[in-house]
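>>> Build me a model from this:
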Amino acid sequence: MVGLSLSGKYVVNAKIEVNGIVDKADIVGAIFGLTEGLLGEELDLRELQKSGRVGRIDVKVKKSNGKTIGFIKIPSNLDRVETALIAAALETIDRVGPYYARVEVVNIEDVRIEKRKRIVERAKELLRKLESETPESKELTEEVLRSIREAELRYYGPEKLPSGPEVDRADTIIVVEGRADVINLLKHGYRNVIGLEGASSVVPKTIEELSRKKTIILFVDGDRGGELIIKNLVNLIDVDYVARAPPGREVEELTGKEIAKALRSKLPIEEYLETLMRERKGIKYPQAQQEETESEISEIPKEVKDEINKLKGTLEGIIYDEKWKPISRVAVKDLVTRLQELEGAKYVVFDGIITQRIVDMAFKTGIKLVIGARVGDATRIPEEVKISTFDNVSRD
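Numbers count the residues shown, from 1 in each chain. Down below sits the predicted model:
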């Protein structure tokens, strides 16, 4: 007999009760015998089994108290209507051998639905496993970039100093303390970097030669050790700028954003040395605060206060002389450079943040009062320079 076991699109589940003791074969025989010819030749169970459109009929029986209970399963590859007709035909069976019988179709099971459920559950399980084992795309990107950057590590000069691949080609070189600092900057795209490899009192000849022909940014940790390196190296090589990591932080642990900010805040060596000289002479820098001294602010002419209101949102500034006469209008990004070029400047009003660099330049160029949109990282304010904000001036 050709059969499909329990495979097929549908499974007819039925229950049979026989008022007598019979075997499985008796029930199967009754199913074939009592439905033969009932639905016509095309839906005859024997013919359907031969063609493989109906699978093997499976029956499980239980015998008790002189009765037999059977559970019937008939797999079907017929369509839904034909399968339903086969199921309905089963309920016409009323005898098994000499005994009265009754058949009830419990349901018609769509095997494909069950398969879909199993597929979905298995897919969920596989997906969870995949997600637990597969890193996020960001992690993959960072891993690839890290590998690329570390692969870009070079060893430069006879001392084999750790460096990036563009030390020769770049006009500006970032000098850091060691190999870990170099790798971190490479990771974030800075390829014009070279490390001292721990040297601070005796500078590698390679660094000394580079400092004579290239612009040098000395980038050190934000701790006491970083200060000592700056103080030692500025007397040994030609440093152009000094950049520091945030207080208590090391260059090797900075994020890309922190590195960029530190390099943007670099000080020209002249400004740094002047600040250092003042500290050595014991000249104190009071903590930064927004000056609200009535005697200073009350001297601001009304037309200047009106100009302050006009400056808001422009990212521009105005430089005034001793008599509050405007001598230059400048973009905020060019303010420090312009102050170096002008003579007779005494007051600065600008739509920007008052930084330590601007305060230091104000002291250096003889500025008495700086008024900005707000106060930023300025923590050392010379007594000769007053600072205030737009809000304070507006309240006056």
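
>>> Secondary structure element for Asn309, which one?
helix 302-311 (DSSP states H and E).

>>> Show me what that helix is packed up against.
With contacts defined as 3 or more Cβ pairs under 8 Å, 6 or more residues apart in numbering; DSSP states H and E, helix 302-311 has these neighbours: strand 316-320, strand 347-350, helix 390-395. Placement of C-beta: from N, CA and C, glycine included.

>>> where's Lys364, which helix or strand?
Assigned by DSSP H and E, Lys364 belongs to helix 356-365.

>>> Where does the prediction get shaky in the chain?
Where the chain drops to pLDDT under 70, the residues are 1-8, 131-151, 198-201, 273-296, 298, 377-379, 394-396.

>>> Tell me which residue of it is positioned farthest from its centroid.
Distance from the C-alpha centroid of the chain peaks at Pro98, with 77.9 Å (Cα atoms, centre = their mean).

>>> As CSV, the helices and strands packed on helix 302-311 with mean neighbour count would be great.
As requested, those are exported to CSV (neighbours: other Cβ atoms under 10 Å):
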stretch, mean neighbour count
strand 316-320, 22
strand 347-350, 25
helix 390-395, 14
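
>>> Let's have the ones you listed in JSON lines, adding distance to Asp26.
JSON lines is the format used below for the helices and strands packed on helix 302-311 (distance: least, Cβ to Cβ, whole Å):
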{"stretch": "strand 316-320", "distance to Asp26": "103"}
{"stretch": "strand 347-350", "distance to Asp26": "104"}
{"stretch": "helix 390-395", "distance to Asp26": "100"}
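
>>> and the longest strand for the chain?
Under DSSP state E, the strand in the chain containing the largest number of residues is strand 99-110.

>>> Contacts for that one next, please.
With Cβ atoms under 8 Å, 6 or more residues apart in numbering as the test, strand 99-110 has contacts from 9-20, 22, 30, 72, 80, 83-84, 87-88, 90-95.

>>> go again using 7 Å as the cut-off
Strand 99-110 is contacted by residues 10-20, 22, 83-84, 87, 90-91, 93-95 when judged by Cβ atoms under 7 Å, 6 or more residues apart in numbering.

>>> Quick check: buried residues in the helix or strand just after that strand?
Using DSSP H and E, the helix or strand that follows strand 99-110 in sequence is helix 111-133. Buried residues in helix 111-133, counted by 16 or more other Cβ atoms under 10 Å: Val111.

>>> Measure how helix 111-133 sits relative to strand 99-110, angle-wise.
Going by axes from the mean of the first three to the mean of the last three Cα atoms, to 10 degrees, helix 111-133 is angled at 40 degrees with respect to strand 99-110.

>>> Please export the C-alpha coordinates of helix 111-133 as CSV.
What follows is helix 111-133, C-alpha atoms only, in CSV (Å, rounded to 0.1, in the frame of the first residue of the first chain):
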residue,chain,number,x,y,z
VAL,A,111,-0.3,20.8,9.0
ARG,A,112,1.1,23.9,7.3
ILE,A,113,0.0,26.1,10.1
GLU,A,114,1.7,24.0,12.6
LYS,A,115,4.8,23.9,10.5
ARG,A,116,4.7,27.7,10.2
LYS,A,117,4.4,28.0,13.9
ARG,A,118,7.4,25.8,14.4
ILE,A,119,9.3,27.7,11.7
VAL,A,120,8.6,31.0,13.4
GLU,A,121,9.6,29.8,16.8
ARG,A,122,12.8,28.2,15.4
ALA,A,123,13.5,31.4,13.5
LYS,A,124,13.1,33.4,16.7
GLU,A,125,15.5,31.1,18.5
LEU,A,126,18.0,31.2,15.7
LEU,A,127,17.8,35.0,15.6
ARG,A,128,18.3,35.4,19.3
LYS,A,129,21.3,33.2,19.1
LEU,A,130,22.6,35.2,16.1
GLU,A,131,22.1,38.5,17.8
SER,A,132,23.9,37.3,20.9
GLU,A,133,26.9,36.2,18.9
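
>>> any idea which element the closest residue to Tyr190 other than its chain neighbours lies in?
If the residues on either side of it in the chain are set aside, Tyr190 comes closest to Ile174, at 6.1 Å by Cβ to Cβ, 6 or more residues apart in numbering. Ile174 is located in strand 172-176, with elements delineated by DSSP H and E.

>>> gap between the helix or strand just after that strand and the chain center?
Remark: after strand 172-176, the chain's next helix or strand is helix 179-187, criterion DSSP H and E. Centre-to-centre, helix 179-187 and its host chain are 21 Å apart (Cα atoms, centre = their mean, to the nearest Å).

>>> For helix 179-187, buried residues please.
Arg179, Asp181, Val182, Ile183, Asn184, Leu185, Leu186, Lys187.

>>> I'd like to know how far Glu384 sits from Leu267.
In this view, Glu384 and Leu267 are 19 Å apart by Cβ to Cβ, to the nearest Å.
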